[in-house]
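Engineer: Pasted the sequence and its predicted model underneath.
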Amino acid sequence: MKTKRVLIGSLTVMGGMIAFAVFFRAEFVALLNRPALYLHARFVHIAAVTLFFANAATGMLWEARSLASGRKDVILHTYGTVAWLDARFSSPLVILSVVAGLTLGYTIGDPWRIGWLSAGFALFMLSGVIWVAGDIPTQYKVKRLMDALDPADRALPDELLRLLRLRSLIGLAGVVPLAVAFALMVYKPDIPAAAAWFR
């Protein structure tokens, strides 16, 4: 229950900040147009995005390796640790990434009119949609099945193993857009802006 509150709270804060930036653009830009803020925002953005991406990729690989072991204790410990990290580590990193990214974006112009930046932000949001729509509901099903486990059973139920494998696929689907967004942030290619996609 505490993990659920942390996740919902983090998503609410992030949604509120994005809404503030969209609906109160002038105030948001005025807040961000402070020269001292740029270096701090860049450091926070680079650190948060790197840690978030690394945690997502490492968690996915760690879960896959635990499933390959076939050991109930390893799988349960791995899943519990990854779920704990998602709620208490990844969620704050997402918020820091978005806030610092928007700060940096608005210091160089309208993020939706800069090709690499708008594409990176769209991919970041796509990864978030995959996580919210696919991974969070799957995590709750996994948690319910784990809570109902009989400690005397040596093996995990087939349905639980199926859901854990599904989480690996969902994790991969969420990490690929992040990897592309990460590359866009580094290489900054000259591509059409998202604002032009809908014309």
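Structural biologist: Received it, and whenever you're ready, just let me know what you need.
Engineer: Going by C-alpha atoms from here, please, whenever you check contacts or count neighbours.
Structural biologist: OK.
Engineer: Tell me the first helix or strand C-terminal of the biggest helix by length in the chain.
Structural biologist: Secondary structure of the chain per DSSP state H: the longest helix is helix 35-69. Per DSSP states H and E, helix 35-69 leads on to helix 72-85 as the next helix or strand towards the C-terminus.
Engineer: I'd like to know which elements that following helix is packed against.
Structural biologist: The contact analysis (3 or more CA pairs under 8 Å, 6 or more residues apart in numbering; DSSP states H and E) places helix 72-85 against helix 35-69.
Engineer: Check which helices and strands the helix it packs on sits against.
Structural biologist: helix 72-85, helix 91-108, helix 158-187.
Engineer: Quick check: mean pLDDT of that helix?
Structural biologist: In this model, helix 35-69 has a mean pLDDT of 89.
Engineer: What I need now is the helices and strands packed on helix 35-69 written out in CSV, including distance to residue 114 for each item.
Structural biologist: Compiled in CSV, these are given as follows (distance: least, CA to CA, whole Å):
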stretch, distance to residue 114
helix 72-85, 33
helix 91-108, 9
helix 158-187, 11
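Engineer: Give me whichever of those helices is most buried.
Structural biologist: helix 91-108 (a mean of 21; mean count of other CA atoms under 10 Å).
Engineer: Toward the C-terminus, what is the element adjacent to it?
Structural biologist: The helix or strand immediately downstream of helix 91-108 is helix 115-130, counting by DSSP H and E.
Engineer: Show which residues not belonging to the helix or strand following that next one make contact with it.
Structural biologist: Sequence-wise, the next helix or strand downstream of helix 115-130 (DSSP H and E) is helix 136-147. Helix 136-147 is contacted from outside by 83, 160, 163, 164, 167, using CA atoms under 8 Å, 6 or more residues apart in numbering.
Engineer: isn't the last one right up against residue 131?
Structural biologist: No. Checked against CA atoms under 8 Å, the pair residue 167 and residue 131 is beyond contact range at 9.8 Å.
Engineer: so the residue of the chain positioned farthest from its centre, which of the three states?
Structural biologist: No residue in the chain sits farther from the centre than residue 152, which is 35.7 Å out by CA atoms, centre = their mean. Under DSSP: H, G, I helix; E, B strand; the rest coil, residue 152 falls in the coil class.
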